[in-house]
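*Asks:* The sequence isn't on hand, but the structure is:
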Ligand code: PGA
C-alpha cells in the first residue's frame with residue numbers, strides 16, 4: 001500500500017508574507033499520519049517556506065531546477081542548492097514548462113534535469129500528460145509512453161520512494177475540467193505498466209499522482225482509483241483549508 005502524497009504547486013503566486021502564512025497553516029493542519037504532504041512555493045520563497053514547515057510533516061519542493069551542477073550558468077539554480085535550503089521534491093516536465101512558458105522544455109532537457117535531481121538524492125516528480133488535441137486524436141497513451149520513456153531514460157532507482165510521477169492531462173489543468181475517475185485510472189494503469197517495464201517490482205510502490213483541477217469535492221473519488229496515489233494540486237493548494245481538505249479526502253479514499 002502506497003501512502004498517498006498530496007503536493008501543492010503554488011506556481012508563480014504568493015508573496016514572502018503570504019507564502020510563510022500559507023505554509024504555517026498547512027503545517028499546523030497536516031494529518032498526523034496516513035498521508036504525506038508537500039508544498040512547492042516559488043523558488044525565492046523556498047527557504048522561508050522550509051523554515052515555516054520545519055519540524056512538521058510537510059515537505060517542501062521546487063518547481064524547477066538546472067541540469068548542471070554549478071558554474072557559469074547565469075540565472076540557474078542547481079539541485080544541490082535546492083537541497084541546501086531544505087527541498088525534498090522537484091517538479092519536472094510540468095505542462096506549463098512543456099507548453100506555455102517560452103522556450104518550451106522538451107523531453108531531453110527534462111531528462112537531464114531529472115538525472116541531476118536524482119544525483120543529489122532529491123525526489124523528482126515527473127509530470128506527463130496529453131493535450132486536448134492529443135486526447136481527441138486518440139493519442140493519450142502514446143504521449144504518456146513517449147514522455148515517460150524519454151523523461152526516464154537512463155534512470156535507475158534503488159527504492160520506490162526515490163521517484164514520483166504525476167499524470168496531468170493538460171486540458172484539465174487550471175480549467176475546472178477534471179478527468180473522470182475512469183480516465184484517470186486508465187492513464188495511471190498505463191503509466192504503472194511503463195514503470196514496471198523499467199523498474200520491475202519497484203513499480204508497485206512508486207506514487208503516481210493525478211493533477212488537473214483536483215478539488216476537495218472530487219479528490220476522494222479520484223484518489224479511490226487503484227493506481228492513483230494522491231494529487232498534484234495547483235489552484236486549490238493556495239487555500240490551506242482546500243488543500244487540507246484534499247489531503248483528508250485522499251486519506252479517507254485509501255483507508
Ligand atoms: P490545477 O493545477 O489544480 O490548478 O488544475 C494542477 C497543476 O498544474 O499541477
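*Replies:* Received, thanks. None of these values were measured; they are calculated from a predicted model.

*Asks:* So for residue 190, what's the nearest residue that isn't a sequence neighbour?
*Replies:* Nearest residue to residue 190 in three dimensions, chain neighbours excluded: residue 141, at 5.1 Å (C-beta to C-beta, 6 or more residues apart in numbering). Placement of C-beta: from N, CA and C, glycine included.

*Asks:* which residues in the stretch 51-200 of the chain form strands?
*Replies:* Ranges of strands in the stretch 51-200 of the chain, per DSSP state E, counting those that start in this stretch, are 58-62, 89-92, 123-128, 164-167.

*Asks:* Check the gap between the residue in the chain that the ligand sits nearest to and residue 22 for me.
*Replies:* Using C-beta to the nearest ligand atom, residue 234 is the residue of the chain that sits closest to the ligand, at 2.2 Å. Using C-beta to C-beta, to the nearest Å, residue 234 is found at 14 Å from residue 22.

*Asks:* Equivalent analysis for residue 213, please.
*Replies:* Distance, residue 213 to residue 22, using C-beta to C-beta: 20 Å.

*Asks:* Check residue 218 too.
*Replies:* According to C-beta to C-beta, residue 218 and residue 22 sit 22 Å apart.

*Asks:* shouldn't the residue of the chain closest to the ligand be in contact with residue 13?
*Replies:* No. With contact defined as C-beta atoms under 8 Å, residue 234 does not count as touching residue 13 (9.3 Å).

*Asks:* the more surrounded of those two?
*Replies:* Higher neighbour count among residue 234 and residue 13: residue 234, with 22 against 15, using other C-beta atoms under 10 Å.

*Asks:* ok, now which ones touch the more buried one?
*Replies:* Going by C-beta atoms under 8 Å, 6 or more residues apart in numbering, residue 234 touches 9, 11, 173-174, 211.

*Asks:* Out of the residues you listed, give me the two with the largest separation.
*Replies:* 11 and 211 (11.9 Å; C-beta to C-beta).

*Asks:* Compare those two (neighbour count), which wins?
*Replies:* Between residue 11 and residue 211, counted using other C-beta under 10 Å, residue 211 has the larger neighbour count: 26 against 18.
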